[in-house]
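[1] Attaching a predicted model along with its sequence, questions to come.
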Amino acid sequence: LRAAQDRLTMRRWLLCRFSARLFHSSNVLFKDEKKYSLYEKIRSTPGNENTANKVIKALKEIDRMLDVMEPGSLALSFNGGKDACAVMHLVREACEQHRTHKFTHVQPIWFKNPADEFPELVGFVQQQAAQYFTHTGGLRSVDGKRLSRLWTLLIASERDFISGMVKIQRQVPLRCIIMGTRRTDPGCGNLSSLTASTGNYPPFLRFNPILDWTYRDVWDFIIACELPYCTLYDEGYTSIGTVKDTIRNPALLIPHSSSPSPYQ
């Protein structure tokens, strides 16, 4: 049994590495000109030319990843943060224009802290799941509610993440997770847009389509395209972790403001 598991793990490693080489070696990444409504929105907004270039690059890289990966092998990390929201809508847009992949072929996963998430963020994730991550085709629960496609993994440590990924790969042929990581995130300065897991992690790829976006790029995209986001960002938070490690940004406080929210 152990030998069979080792052979399966090796095959998964080889598949991941082959997919990565296929993605990086492609010379047709920018050949197919598709019409993306999100790109048109950001491009038509004055002052957002640089962000628009990053949007179309991300969309075409996602499109290429959809070419490389078969339906059912891609997952999307979604935790309700601004970066995750931006990536989710980019993936939706790319899937709408793709010849074989649909958004329902991409498995959304919420890597959730089991005890310390902001209630506002939990509510936002549930709201977005109800809008974007429900099963199509009339699948409903016994009480008539539409069934959610969002998987929730409770992650309190790196060990939880590793064991969770192992369990997922026993059930589905997951080979790549699309993530909202940016280069300015802690420890991500030397990342590439597509990286393979290492060490004790099971074999999978991390795909980071907005790796080189700035904080401003993310907000210019969200605002110009009128995308929903968690209300905590209107209350002085620039980044949202857990209730134990996240505070409001004092630089955003407007002194003597009479507004319901004294933050800009």
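    That came through fine.

[2] Strands of the stretch 101-250 of the chain, start to end?
    In the stretch 101-250 of the chain, the strands defined using DSSP state E, counting those that start in this stretch lie at 107-112, 151-154, 176-178, 194-196, 205-207.

[3] can you redo the ones you listed as CSV with mean pLDDT, mean neighbour count and distance to V125?
    The C-beta positions use only the backbone N, C-alpha and C, and glycine is treated the same way. Shown next, in CSV, are the strands of the stretch 101-250 of the chain (pLDDT from 0 to 100; neighbours: other CB atoms under 10 Å; distance: least, CB to CB, whole Å):
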stretch, mean pLDDT, mean neighbour count, distance to V125
strand 107-112, 96, 20, 6
strand 151-154, 93, 15, 9
strand 176-178, 95, 23, 16
strand 194-196, 89, 17, 25
strand 205-207, 93, 23, 21
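
[4] So what's the predicted local confidence for D160?
    You'll see D160 listed with a pLDDT of 94.

[5] what number of residues lie near it?
    15 (other CB atoms under 10 Å).

[6] Next, count neighbours for K102.
    K102 has 13 neighbouring residues, counting by other CB under 10 Å.

[7] Quick one: mean pLDDT over stretch 66-83.
    The model assigns stretch 66-83 a mean pLDDT of 94.

[8] Make CSV out of the strands of the stretch 101-250 of the chain and add distance to L90.
    Formatted as CSV, these follow (distance: least, CB to CB, whole Å):
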stretch, distance to L90
strand 107-112, 14
strand 151-154, 20
strand 176-178, 9
strand 194-196, 15
strand 205-207, 11
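
[9] Do you have the helices of the protein handy? List them.
    Under the criterion DSSP state H, helices of the chain are mapped to 2-25, 37-43, 49-68, 82-97, 119-132, 158-171, 215-224.

[10] which one of those lies closest to T184?
    Nearest of the helices of the chain to T184, taken as CB to CB: helix 215-224 at 7.1 Å.
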